[in-house]
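Enquirer: sequence-free structure coming up:
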């Protein structure tokens, strides 16, 4: 067994929360620059330019790219040959979140209960998911998720006989309903298959994959490309003010499912789709 | 109109010249308020209590900024989604506020209230909060401080870049 002290996990989570909030993902920034080269609409061009300028300033001055520094979504892949020692794992993760949001002057956006709504004033707890995998390493990924876009996410349980066209229409409709509120140009993570909750979880994991990398399955890679094209044909544009840049990327992740079902979850994410990861 | 500079207080004369789609640079003192502050104001109004905020000719910015890093007046401070404030907005406008800043579209009720009270709704670009923070000269929490990022702040802004979303005639950029 390889031993890893949970204090190392705490430090990594803290470092990743800061990095994700100050430095726009390289693939996302590249996609925005590529979109600017193709965009003809004057106002859309100005918005894309200010997004690029904002990313530069945030990185240089270590300012939050967006004031909604999100709820910290922390995904851990823990090798089965790892023994975590030195304390409670989830507590360590949340200590890392607290430290970063305090030291980095990030916004505390977490309330303790959906109805009582008392701000915890630390941004903890994060949303933690844990997978046990092969090997003796721990992969930690942090994605601060803002709620301007999260609020527009949607899930639908389709019949197994549903056509690709029906699924595309659901995705397009989700984008239409998101409209300007979700801060387009958007990135969509789409989870297909599994059960109700696997689809939602996959949709979120799909957002973490670089948007310049297609799904390895040919039929799904094609669907990703077609959806980007269809969404851009909506002409919603940056901040919903028109233009050809509505989607920067669509990532699909799939799973086996039941003979009676075809769950589809669409996780809507803004042009400030953040994330950082590290392997211990 | 492109990059017209406008100064607070916004007179009805200035407001009525603005057209949906115009780009302006706004300077002066504005108040921040988002979900929880709107709810609190609404509860005070409903109970007939004094509102500890002068809404006359006020400009309300829907934002919950990040805390100020050392030597900066404010952290990242871009707009939040305006439509969540829609249920409260007609009342805020009736009490004298004359402009709002946020992102995204508004309800029919809000559009009608903007027209009725001859107000204006401005759009700021979402997700560029670091850049927008450079347009803020000072920030002070003045009300509901217990709400943390949702407190009401008074911000002094200079040349804050905005687009007219809904003008005083009720014309809408969307």
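Expert: Great, that's in hand. Since this is a predicted model, take the numbers as computed values, not measurements. Residues are numbered from 1 along each chain as shown, chains lettered A, B, ... in the order given.
Enquirer: from what I see, residue A:224 and residue A:251 are in contact.
Expert: Yes. Counting by CB atoms under 8 Å, residue A:224 touches residue A:251, with 6.7 Å between them. C-beta: built from backbone N, CA, C; applies to glycine.
Enquirer: list residues touching both of these two?
Expert: residue A:215 (CB atoms under 8 Å, 6 or more residues apart in numbering or on different chains).
Enquirer: ok, those two, which is more surrounded?
Expert: Each of residue A:224 and residue A:251 has its neighbours counted (other CB atoms under 10 Å in any protein chain shown); residue A:251 has more, 26 against 20.
Enquirer: can I take it that that one is in a strand?
Expert: Yes. Assessed with DSSP: H, G, I helix; E, B strand; the rest coil, residue A:251 lies in a strand.
Enquirer: what's the neighbour count on the residue lying closest to it once chain neighbours are set aside?
Expert: In space, and not counting its chain neighbours, residue A:251 is closest to residue A:206: 4.1 Å by CB to CB, 6 or more residues apart in numbering or on different chains. Using other CB under 10 Å, residue A:206 has 27 neighbouring residues.
Enquirer: next: residue A:266.
Expert: 28.
Enquirer: residues contacting it?
Expert: So residue A:266 contacts A:153, A:154, A:155, A:170, A:171, A:174, A:188, A:189, A:190, A:203 (CB under 8 Å, 6+ apart).
Enquirer: pLDDT value on it, please?
Expert: On the pLDDT scale, residue A:266 is placed at 98.
Enquirer: so residue A:52 sits in a helix?
Expert: Yes. Residue A:52 sits within a helix when classified using three-state DSSP.
Enquirer: how about the strands in the stretch 51-200 of chain A?
Expert: Applying DSSP state E, counting those that start in this stretch to the stretch 51-200 of chain A gives strands spanning A:71-79, A:82-85, A:127-133, A:138-145, A:154-158, A:186-194.
Enquirer: mind giving me the packing neighbours of the longest helix seen in chain B?
Expert: Longest helix of chain B, by residue count under DSSP state H: helix B:35-46. Here helix B:35-46 touches helix B:89-94, going by 3 or more CB pairs under 8 Å, 6 or more residues apart in numbering or on different chains; DSSP states H and E.
Enquirer: pLDDT of the helix it packs on, averaged?
Expert: So the average pLDDT for helix B:89-94 ends up being 96.
Enquirer: what's it packed up against?
Expert: Under the contact rule (3+ CB pairs under 8 Å, 6+ apart), helix B:89-94 is packed against helix B:35-46, helix B:108-116.
Enquirer: could you pull out the buried residues of it?
Expert: Residues B:89, B:90, B:91, B:92, B:93 are the ones in helix B:89-94 that count as buried (16 or more other CB atoms under 10 Å in any protein chain shown).
Enquirer: return the distance of the third one relative to residue B:100.
Expert: Right, residue B:91. 13 Å (CB to CB, to the nearest Å).
Enquirer: ok, the last one next?
Expert: Summarising the geometry, the distance separating residue B:93 from residue B:100, computed by CB to CB, is 8 Å.
Enquirer: shared neighbours, the two?
Expert: Joint contacts of residue B:93 and residue B:100 (CB under 8 Å, 6+ apart) are residue B:119.
Enquirer: centre of the chain versus the longest helix of chain B, how much separation?
Expert: How far helix B:35-46 lies from its chain's middle: 16 Å, per CA atoms, centre = their mean, to the nearest Å.
Enquirer: please list the residues of chain B that sit near chain A.
Expert: Counting by CB under 8 Å from any CB of the partner chain, the residues of chain B lying close to chain A are B:36, B:63-69, B:72, B:75-78, B:80-81, B:83, B:103-105, B:123, B:125-131, B:133-134, B:147-150, B:163, B:173-174.
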